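**Student:** Any chance you can model this:
(2 chains)
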There are 2 protein chains.
Amino acid sequence: MIVQKYGGSSVANVERIKNVAARIKRRVEGGEKLIVVVSAMGKTTNELIALAGNLSSQPAPREMDMLLATGEQVSAALLSIALRELGVSAVSFNAFQLNINTFGDFNNARIADINLGKIYKEFEVRDVIVVTGFQGVNEIGDLTTLGRGGSDTSAVAIAAKAGLPCEIYSDVAGIYTCDPKIHDRARKLEYITYDEMLELSALGAKVLHSRSVEIAKKYNVELICLSSFAEEGGTKVVAKLPEWLEQPVVTGATIDTNQLKVTINYLPSNTDTLSEIFNAVARENFNVDMISVVNENGHSHLTFSVVSANPAAIRRTIEGVLKKYKDWELTLDSDVAKVSTVGVGMRSSAGVAARFFSVLQNSGVKIIATTTSEIKISVLVSKGDAGKALKALLDEFEL
Amino acid sequence: MIVQKYGGSSVANVERIKNVAARIKRRVEGGEKLIVVVSAMGKTTNELIALAGNLSSQPAPREMDMLLATGEQVSAALLSIALRELGVSAVSFNAFQLNINTFGDFNNARIADINLGKIYKEFEVRDVIVVTGFQGVNEIGDLTTLGRGGSDTSAVAIAAKAGLPCEIYSDVAGIYTCDPKIHDRARKLEYITYDEMLELSALGAKVLHSRSVEIAKKYNVELICLSSFAEEGGTKVVAKLPEWLEQPVVTGATIDTNQLKVTINYLPSNTDTLSEIFNAVARENFNVDMISVVNENGHSHLTFSVVSANPAAIRRTIEGVLKKYKDWELTLDSDVAKVSTVGVGMRSSAGVAARFFSVLQNSGVKIIATTTSEIKISVLVSKGDAGKALKALLDEFEL
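**Tutor:** Down below sits the predicted model:
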């Protein structure tokens, strides 16, 4: 028995659904029983969001989940139809039918529990159970969704609960040292640790939903990322790299262009101002990333970056907090990108940060802000410098 | 409190959904609370059927219902979003959430019961409950659908259970003496009886799903058919026409071109042959309509019509039954149409049938087969004669 998950691009049209069905059939013929979790077809979710956007600028989250959950039900039913056409005994189930219970906010619900009883019972007469990813049901019976990419989390949660390995299929064959859609020199990793994967997911790598990796780590789920379009081996996500594997210092590098730089000069130098600003920003659900503060002659100069933010909304929030002070200057700049390197090897290798900064300096890249963790270094640079910075890092760390 | 149902054309796009939401808002402002049942948007159901058809020539009915039920969930969520945008307190529910329990076959399930508890509870805090039409859940928790047009049945069943009146909205403003999309002279009826409406629905009038009329009749539901695009009064469907109303002999006339004429000549004259044929045809779920048998010199000549049938499948079925006999001749003809008149006045008016047949004869229409009920006369004619026949009947009965 195994859990598989097919992403939206893997089931984007009739031909691709047939392809997935044929792949599953070969596994069934090999004697396996499969729980197959599917995402909505291709751009379906975006199309439904656009429809709702034409009706309301702020559609009710509860009704959005009711709407978006249909996408996965369509692809689950179609995949089951395609499987039965190939003679595979399949059946599809949605979140109600499997009691995929969630808690927390609409649009971003979290899985509380899954009742596997129905799946085990169906396996007495079926070889494949197709399950709608992305959706759940909350304690009062409303449909919920798990956030973009949430089908990964559905699949890994089922695998964790059932104690099964999990294969995640998308249109790329695994985890790469950098984005293979952008960089020719991207190299596929055979292994990556949960921790590295968490950092990469948080940095915007779209291969796996962050929360799916958190669950995989917590329950030690055997996870592998593969392509549904190729037969090549994928990337195994593991707790620890195998001993025999030469440990690279840096595993991957990413660019995130979805950043907004916020700079406030000439703040009054008392700590209250900073906490007022960050409290207000948090209340509005802005996701603050890199923060730098410099003090000078009784003033503070603050720079931070915000992910995927509306500049006008940020401006409104900050001006609201600071209106009682004077002489401060607010500057917003979206012409910035975050360049990051991730690797568990950083923990044990001295001098990685020194190499990181000196290679950027030698390449003439101007660093605006910096943030680091045990296994990650990120810098904020201008968009124009981002490509140069990534190339220099890929060279330096032989990615 | 009232139940409303909006058909696919009434919610076919964003503009029409906004229009429906605005209509509902006016009713809420007038102090009403509404249960609003919706169909899938426009051609959604046909598109989903086409998708499945590309994957399998005979998609599993259980999976088709899983697939098709999504259409109503999309329109219910979107209407709820549009209503909230207008400040109306609305919420949408699907068949799982309301325990719309069904029995019987997939694709054509029948409603066993509906739990109104959730609706009544929500009405304590909401003005509008939007409900997915067409879908239900069977005793083992599979999604089911009620057959094409089944949203009418969902709405009337809810109205029957709740003891509420029911308004059915479509793109025509009521029930007409003949199809207003085809005939200029169509006249809208102010009243029609349940029995007449049942005959018209069975004859292919698309305004109301037959089973919805059966339920309305059984539970005496106050039913009215209206247009969502106009403000004019619609047609009330009632148990008995009001006393003050001048009773027309004939209420409406229809043409159904979806007929296949099956003729078998030189059958051996024993009744077994006929029952063998009709048993086989019934087993294959063909819907037999008009039947004529003539005996001659130890042979039988049989003609009957079948609704919406695949000629090759009919041929296969009949040849299978008759292969043990010889000398019979099978002819199929799809160049036929059924022309019908319906009216409760026929019960009490003598000579209606005589007028019906003589006007057709005088118009030179050749009658292939005939079937009658207390309140209906139908004839099968060639497609070429159908328009002429209808016009002659409309003239004769002043429709």
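**Student:** okay, CA-based contacts and neighbour counts for the rest of this
**Tutor:** OK.
**Student:** which ones are touching residue A:38?
**Tutor:** A:5-8, A:11, A:72, A:75-76, A:130-133, A:151 (Cα atoms under 8 Å, 6 or more residues apart in numbering or on different chains).
**Student:** I'd like the next helix or strand past the one helix or strand in chain A whose mean pLDDT sits lowest.
**Tutor:** One helix or strand of chain A scores below all others by mean pLDDT, DSSP states H and E: helix A:345-348, with a mean of 77. Sequence order places helix A:352-362 as the next helix or strand after helix A:345-348, per DSSP states H and E.
**Student:** List of residues touching that next one?
**Tutor:** Taking Cα under 8 Å, 6+ apart as the rule, helix A:352-362 contacts A:249, A:346, A:366, A:377, A:389, A:392-393, A:396.
**Student:** For whatever helix or strand comes next after it, what is the distance to the chain centroid?
**Tutor:** Using DSSP H and E, the helix or strand that follows helix A:352-362 in sequence is strand A:369-373. With Cα atoms, centre = their mean, to the nearest Å as the basis, strand A:369-373 stands 20 Å off its chain's centre.
**Student:** For the closest residue to chain B within the stretch 101-250 of chain A, what are phi and psi?
**Tutor:** Using Cα to the nearest Cα, the single residue of the stretch 101-250 of chain A nearest to chain B is residue A:141, 6.4 Å away. Residue A:141 adopts backbone torsions of phi 90, psi 10, taken as degrees, to the nearest 10.
**Student:** Going by secondary structure, the closest residue to it other than its chain neighbours is in what exactly?
**Tutor:** In space, and not counting its chain neighbours, residue A:141 is closest to residue B:97: 6.4 Å by Cα to Cα, 6 or more residues apart in numbering or on different chains. Secondary structure from DSSP H and E places residue B:97 in helix B:95-98.
**Student:** The longest helix anywhere in chain A and chain B, any residue contact?
**Tutor:** Assignment by DSSP state H gives helix A:61-85 as the longest helix of chain A. Yes. Using Cα under 8 Å from any Cα of the partner chain, helix A:61-85 reaches chain B at A:63-64, A:66-68, A:70-71, A:73-74, A:77-78, A:80-82, A:84-85.
**Student:** mind listing what residue A:12 touches?
**Tutor:** Taking Cα under 8 Å, 6+ apart as the criterion, residue A:12 is in contact with A:40-43.
**Student:** Just the buried ones among those residues, please.
**Tutor:** Buried members of the contacts of residue A:12, scored by 16 or more other Cα atoms under 10 Å in any protein chain shown, are A:40-42.
**Student:** ok, which of the residues you listed also contact chain B?
**Tutor:** Applying Cα under 8 Å from any Cα to the buried ones among the contacts of residue A:12, none is adjacent to chain B.
**Student:** Please tabulate these in a markdown table, including the columns pLDDT and secondary structure.
**Tutor:** Formatted as a markdown table, the buried ones among the contacts of residue A:12 follow (pLDDT from 0 to 100; DSSP: H, G, I helix; E, B strand; the rest coil):
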| residue | pLDDT | secondary structure |
| --- | --- | --- |
| A:40 | 97 | coil |
| A:41 | 97 | coil |
| A:42 | 93 | coil |
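**Student:** Specify which member of the residues you listed is nearest to residue A:168.
**Tutor:** Taking Cα to Cα as the measure, residue A:168 sits nearest to residue A:40 out of the buried ones among the contacts of residue A:12, at 14.7 Å.
**Student:** Who does residue A:225 form a beta bridge with?
**Tutor:** Note on residue A:225: beta-bridge partners by DSSP bridges are residue A:168, residue A:235.
**Student:** what about it, how many residues close to it?
**Tutor:** Neighbour count for residue A:225, taken as other Cα atoms under 10 Å in any protein chain shown: 24.
**Student:** Likewise for residue A:267?
**Tutor:** Neighbour tally, residue A:267, other Cα under 10 Å: 22.
**Student:** Ok, the one 5 residues further on next?
**Tutor:** Residue A:272: 9 surrounding residues under other Cα under 10 Å.
**Student:** so how far is residue A:375 from residue A:237?
**Tutor:** Note on residue A:237: its distance to residue A:375, by Cα to Cα, to the nearest Å, is 16 Å.
**Student:** More neighbours: which of those two?
**Tutor:** Neighbours per residue, other Cα under 10 Å: of residue A:237 and residue A:375, the larger number sits with residue A:237, 27 against 19.
**Student:** Thought residue A:192 was touching the more buried one, still the case?
**Tutor:** Yes. In this structure, residue A:237 is within contact of residue A:192 by Cα atoms under 8 Å, at 5.0 Å.
**Student:** Could you list the residues of the stretch 101-250 of chain A in contact with chain B?
**Tutor:** So the stretch 101-250 of chain A meets chain B at A:141-142 (Cα under 8 Å from any Cα).
**Student:** in the stretch 151-300 of chain A, which spans are helices?
**Tutor:** A:194-202, A:210-219, A:271-283 (DSSP state H, counting those that start in this stretch).
**Student:** low-confidence ranges in chain A?
**Tutor:** A:204-205, A:246-247, A:270-271 (pLDDT under 70).
**Student:** in it, what residue sits furthest out from the centroid?
**Tutor:** Within chain A, the residue lying farthest from the chain centre (Cα atoms, centre = their mean) is residue A:297, at 42.2 Å.
**Student:** residues in contact with that one?
**Tutor:** So residue A:297 contacts nothing (Cα under 8 Å, 6+ apart).
**Student:** one step back: distance of the residue of the stretch 101-250 of chain A closest to chain B from residue A:163?
**Tutor:** 27 Å.
**Student:** Same question for residue A:113.
**Tutor:** Taking Cα to Cα, one finds residue A:113 at 14 Å from residue A:163.
**Student:** now the strands: where do they sit in the stretch 1-150 of chain A?
**Tutor:** For the stretch 1-150 of chain A, the strands defined by DSSP state E, counting those that start in this stretch cover A:2-6, A:34-38, A:90-93, A:100-103, A:110-114, A:128-132, A:135-137, A:143-145.
**Student:** can you put the ones you listed in JSON lines and add distance to residue B:339?
**Tutor:** Listed next are the strands of the stretch 1-150 of chain A as JSON lines, based on distance: least, Cα to Cα, whole Å:
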{"stretch": "strand A:2-6", "distance to residue B:339": "52"}
{"stretch": "strand A:34-38", "distance to residue B:339": "49"}
{"stretch": "strand A:90-93", "distance to residue B:339": "44"}
{"stretch": "strand A:100-103", "distance to residue B:339": "53"}
{"stretch": "strand A:110-114", "distance to residue B:339": "57"}
{"stretch": "strand A:128-132", "distance to residue B:339": "47"}
{"stretch": "strand A:135-137", "distance to residue B:339": "50"}
{"stretch": "strand A:143-145", "distance to residue B:339": "48"}
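**Student:** All set now, cheers.
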